[in-house]
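Engineer: Turn this into a structure:
(one chain, ligands or ions: 1)
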Amino acid sequence: IYIPKATNITNRKFPSTFIWGAATAAYQIEGAWDEDGKGESMWDRFVHSDPTHIDDRSTGDVACDSYHKWQEDIELLKQLNVKLYRFSVAWTRILPTGYLESFNQAGVDYYVNFVKALRAAEIEPMVTLYHWDLPQTLSEQGGWLNDSTADRFGDYARIVFKNLGPYVKLWATINEPKTTCTQGYASGEMAPGLKLVGDGIYQCARVQLLAHATAYHIYHDEFADQGGNVTIVIDATYNEPLTDSAADAEAAEWEFEFNLGWYANPVYLGDWPQIMIDRVGNRSKAEGLSQSRLPPWSKDELEFVKGTFDYFALNMYTAVAVNAIDEPPIGTGNYYLDKGTGTSYKPEWTPSIAGWLYSYPYGMRGLLNRVWSKYNPGSIYVTENGWATTEDLNDQGRLEYLQGYLSNMLDAILEDGVVVDGYTTWSLMDNFEWARGYTQRYGIIDVDFNSPNRTRTFKDSAKWYSQTAATYCLVDTCVD
Ligand SMILES: CCCCCCCCCCCCC/C=C/[C@@H](O)[C@@H](N)CO[C@@H]1O[C@H](CO)[C@H](O)[C@H](O)[C@H]1O
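Structural biologist: Predicted coordinates for the structure are as follows:
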């Protein structure tokens, strides 16, 4: 793949208050899948039950071995000059079955030691409570289709808040609920591998939002004295109309609402986006259903979910070109048909080795502006942003992607007045990339998965990022 040089990189400095960071997730880096009392998660079951679920037949059983190498990881963060580390807690280390009776002190001790060590290194922990590794026991009872999973999530969140809370000020409840619902409960590409693209996909969204709100209220009702901030992590694309037509502009708006709005609207504004209520409702009715496949909220639920944010956590990687299409035929209910849009990528955007990820740096500025003006969140953290490559220490393509996206982020901050307080690049190091196994690398630090030691080596992008985090400058020399 030819990757052109990024152009027009700003030589202005980031504000001195901006926080540079890196991100990971428990299942993708920890390994030690059954050690020290940890229970089985739905990802453990997914990879073990059928190796063909994963492109290279690999697992996260060992991954980066960060469960044992966490002190080394903190040294890497220090060398990177970052002041923020976003990582996730494995639910099954704390509650191996998801139920309180299975409480595992060793899991709590592990993470308490970890956040204490981060603080000692002057690195702020940003803790994600759930990054896709649901306890298998709960998954067998319906997982994110079962309303009671929201209560189990509350039980788990309370334990983590109580024990880690003295050391943590930034919390994220659930990572990318949309990806779980679309790929775990609809395409079946991710755990738990279900294909419920008509109704389960919508119920999954509802239960995850209830779980998020449950944790948010527990924090603010019971642990307000800790003074931290809680939100949900939502992933989004920048949706650019394919052409200048009014129809494509409207389609891009629908695409936005059926993706980001699906999760952000209930939390930031209240209720599902109106276009989803209308389109799924009308299509459900035409299918002869008595109720919309998009489950309506009760009045109490609406109030419970609305306003459950202290900042906006945004995962942003790619842009998508959107076009209007003829109304899809009524038949079997399907989220993708409900959406009523066509998606593609523009030829001038640069492809990565991941089929879904194209580089269009302006998309970062465009999306930040949209999120800022639509949801008025007060503060945004970009909690994931990164580039897929094969294994390569000379990752100039990643460096240029990050430079371009961060340059546009700075334009949003300085030119447009968007408040972006911090950034955690995806990822600190190469890791288990879900259904892609180890075939796609997102780390700025290389991990040698063939060595028992899981040797870590700075790539070119990590060298550049550590300089940037130290100087607040994306190029060699900046003006103040
Ligand atoms: C002929 C062309 C057809 C084009 C079809 C276009 C379809 C557009 C679909 C856009 C899909 C965007 C999906 C984006 C998903 C990401 O936000 C999500 N995968 C990111 O999740 C994080 O990914 C990281 C790297 O993949 C990492 O794995 C992390 O754990 C995730 O949180």
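
Engineer: After the host helix or strand of residue 413, heading C-terminal, what element do we hit next?
Structural biologist: Here residue 413, judged by DSSP states H and E, is contained in helix 396-414. Reading on from helix 396-414 to the C-terminus, the next helix or strand found by DSSP H and E is strand 420-426.

Engineer: Could you see whether the ligand lies near the helix holding residue 413?
Structural biologist: No - remark: helix 396-414 sits outside contact range of the ligand, by C-beta under 6 Å from any ligand atom, the gap being at least 12.5 Å. (C-beta placed from N, C-alpha, C; glycine too.)

Engineer: can you give me the angle that helix makes with strand 420-426?
Structural biologist: Orientation of helix 396-414 against strand 420-426 (axes from the mean of the first three to the mean of the last three C-alpha atoms, to 10 degrees) gives an angle of 170 degrees.

Engineer: Buried residues in helix 396-414, which are they?
Structural biologist: Buried residues in helix 396-414, counted by 16 or more other C-beta atoms under 10 Å: 396-413.

Engineer: Repeat that for stretch 103-113.
Structural biologist: Applying a neighbour-count criterion of 16+ other C-beta under 10 Å, one finds 103-104, 107-108, 110-111 buried in stretch 103-113.

Engineer: Poorly predicted segments of this structure, please.
Structural biologist: For the chain, the stretches flagged by pLDDT under 70 are 1-7.

Engineer: And the strands in it?
Structural biologist: 19-23, 84-88, 124-130, 170-175, 229-241, 312-324, 341-344, 350-351, 358-359, 380-384, 420-426, 445-447, 456-458 (DSSP state E).

Engineer: Relative to residue 163, tell me which of these wins on proximity.
Structural biologist: Taking C-beta to C-beta, strand 124-130 is the member of these nearest to residue 163, at 11.0 Å.

Engineer: Which positions are bridged to the closest residue to residue 414 other than its chain neighbours in the beta structure?
Structural biologist: Using C-beta to C-beta, 6 or more residues apart in numbering and skipping residues adjacent in sequence, the residue nearest residue 414 is residue 12, 6.4 Å away. Bridge pairing for residue 12 (DSSP bridges) gives the partners residue 479.

Engineer: what number of residues lie near residue 12?
Structural biologist: 18 (other C-beta atoms under 10 Å).

Engineer: Could I get the contacting residues of it?
Structural biologist: With contact set as C-beta atoms under 8 Å, 6 or more residues apart in numbering, residue 12 has these partners: 410, 414, 478-479.

Engineer: Return the member of the residues you listed nearest to the ligand.
Structural biologist: Minimum distance to the ligand across the contacts of residue 12 is 22.0 Å, recorded for residue 410 (C-beta to the nearest ligand atom).

Engineer: Roughly how far does the residue nearest to that closest one when sequence neighbours are not counted sit from residue 471?
Structural biologist: Leaving aside its chain neighbours, residue 410 sits nearest to residue 10 (5.4 Å; criterion: C-beta to C-beta, 6+ apart). Distance from residue 10 to residue 471, counting by C-beta to C-beta, to the nearest Å: 13 Å.
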